[in-house]
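Novice: Predicted model and sequence below, questions to follow.
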Amino acid sequence: MIQISRRALLGAAAATLAAPALVTTAVTEARAAAPFRNDLPPAWYRFKLGSYELTIISDGRLPLGKPEPAFPASPPEEIRNLLTGSFLDPASATLEQNALVLNTGRQLILFDTGMGESMGAASQMFGPTTGKLLANMKAAGIDPAQIDMVVLTHAHCDHCWALVDAEGRRNFPNAQVAVSETDLRFWTDDANKKGPDFMVPFIDGAKKNLSAYRDRMVMVQDGKEVAPGVTAFATPGHTMGHMVYFISDGNKTVVNTGDLAHHQVLLLKKPLWEFAFDTDPKLSAQSRLRMLTRLAADKHPVISYHFPWPGLGHVARAGEGFEWYAEPMNLTTL
């Protein structure tokens, strides 16, 4: 039999009681010395559609500021109520910029380019948080020289100004550029430098970026394939040549809607509201309502350029408008 003395038992008990105090002292004396990190991680998101691989690439956030000027015909109180009802800041609206890279196994296709740096100070008209596409493409393992085609939903600054760099050199040296002929003509015509102040830099920027690819342009046509598996559908109004693209492989389809709707709350719940950057606001509203109705009926997943990152989700009917349902980020296939 093992004999344990009374003195040993008392010593063990004293050591047990003292241990928590020692641990507490050690934790209390620890101090975090790491600096805050204010930089953002690379933003890209990859998933499968049938045999295709799709990668959504962020060009960064595009702050609109106070939302009322962007929706000049809408009641300010209703704007505020809709935003606060969705837990969004009613004093500051922010849009994302979700470009798409499609790998069909035969072609590598980029849809829209983001803001870029081609127009110097004008490239930061919405602040310094845009122009991240090329860096994020690199982080996603995609070389701009591998892009076979850049397909534009339209020729606004945040969709085509990264076709070239500040010196006018092509950022996608081996790519064709696909755009509607209507947009190509309109946004490279100096006669259209009238109306809102933004028209001058928008046209100058489109001319600089599109002219660099003038020997390799592809004219997009309504209802026709721009590449195998990619079909364009006209949704005029935001620009007169604005297109959405149905991307299909087998029985799987995802729809890249570009700027069909800029805000996931305001222009879905109120699809007939007018947006200040529309060329023809009333026509844009009708195109939006028509296509959103189709998307809700077809139940195809949607990639929206300006909806919350990564802009992937579904549109569903909700009363006289629509509701946005974001796709869970952990899915690998659609």
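Specialist: Great, that's in hand.

Novice: which residues touch S118?
Specialist: Going by CB atoms under 8 Å, 6 or more residues apart in numbering, S118 touches 161-166, 168, 205, 208-209. C-beta coordinates here come from the backbone N, C-alpha and C atoms, glycine included.

Novice: just the buried members of those?
Specialist: Neighbour counting with 16 or more other CB atoms under 10 Å marks 161-164, 205, 208-209 as buried within the contacts of S118.

Novice: Going by secondary structure, the nearest residue to M217 once chain neighbours are set aside is in what exactly?
Specialist: Once flanking residues are discounted, M217 sits nearest to V177: 5.6 Å by CB to CB, 6 or more residues apart in numbering. For V177, the enclosing helix or strand under DSSP states H and E is strand 176-180.

Novice: same for that strand, what does it pack against?
Specialist: Applying 3 or more CB pairs under 8 Å, 6 or more residues apart in numbering; DSSP states H and E, one finds that strand 176-180 contacts strand 149-151, strand 217-220.

Novice: could you point out which element follows it?
Specialist: Using DSSP H and E, the helix or strand that follows strand 176-180 towards the C-terminus is helix 181-186.

Novice: buried ones in that next one?
Specialist: For helix 181-186, a neighbour-count test (16+ other CB under 10 Å) marks 182-184, 186 as buried.

Novice: Mind listing what's buried along the helix or strand just after it?
Specialist: The helix or strand immediately downstream of helix 181-186 is helix 199-211, counting by DSSP H and E. Across helix 199-211, burial judged by 16+ other CB under 10 Å covers 201-206, 208-210.

Novice: Averaged pLDDT, helix 199-211. What do you get?
Specialist: Mean pLDDT, helix 199-211: 98.

Novice: Please save the CA atoms from it in CSV.
Specialist: Presented in CSV, the C-alpha positions along helix 199-211 are these (Å, rounded to 0.1, in the frame of the first residue of the first chain):
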residue,chain,number,x,y,z
MET,A,199,-20.5,63.5,-70.6
VAL,A,200,-17.2,65.2,-71.6
PRO,A,201,-14.9,62.8,-69.6
PHE,A,202,-17.2,59.8,-70.4
ILE,A,203,-16.8,60.4,-74.1
ASP,A,204,-13.1,61.3,-74.0
GLY,A,205,-12.4,58.1,-71.9
ALA,A,206,-14.4,55.9,-74.2
LYS,A,207,-12.6,57.3,-77.3
LYS,A,208,-9.2,56.7,-75.7
ASN,A,209,-9.9,53.1,-74.6
LEU,A,210,-12.0,51.9,-77.5
SER,A,211,-9.8,53.4,-80.3
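
Novice: Just want the angle from it to strand 176-180.
Specialist: Helix 199-211 runs at 140 degrees relative to strand 176-180, counting by axes from the mean of the first three to the mean of the last three CA atoms, to 10 degrees.

Novice: Relative to the whole chain's centre, how far out is helix 199-211?
Specialist: 21 Å (CA atoms, centre = their mean, to the nearest Å).

Novice: now swap in stretch 288-303 and tell me
Specialist: Here the centre of stretch 288-303 is set off from its chain's centre by 18 Å, with CA atoms, centre = their mean.

Novice: Check stretch 237-255 too.
Specialist: From the chain centre to the centre of stretch 237-255 is a distance of 15 Å (CA atoms, centre = their mean).

Novice: residues of that stretch that come out buried?
Specialist: 237-249, 252-255.

Novice: wait, I79 sits on F71?
Specialist: Yes: when contacts are counted by CB atoms under 8 Å, I79 is listed as touching F71 (6.0 Å).

Novice: Mind listing the shared neighbours of the two?
Specialist: Taking CB under 8 Å, 6+ apart as the criterion, I79 and F71 both touch L266.

Novice: Quickly list what the residue nearest to M217 is bridged to.
Specialist: On the basis of DSSP bridges, V177 is bridged to V150, M217.

Novice: Surely L54 touches N98?
Specialist: No: look at L54 against N98 with CB under 8 Å: they stay out of range, at 11.3 Å.

Novice: So these two - more neighbours on which side?
Specialist: Set L54 next to N98 and count neighbours by other CB atoms under 10 Å: N98 wins out with 25 against 22.

Novice: tell me the contacts of that one?
Specialist: 56-59, 303-307, 309-312 are the contacts of N98 under CB under 8 Å, 6+ apart.

Novice: Tell me which two of those sit farthest apart.
Specialist: For the contacts of N98, the farthest-apart pair by CB to CB is D59 and L312; their separation is 15.6 Å.
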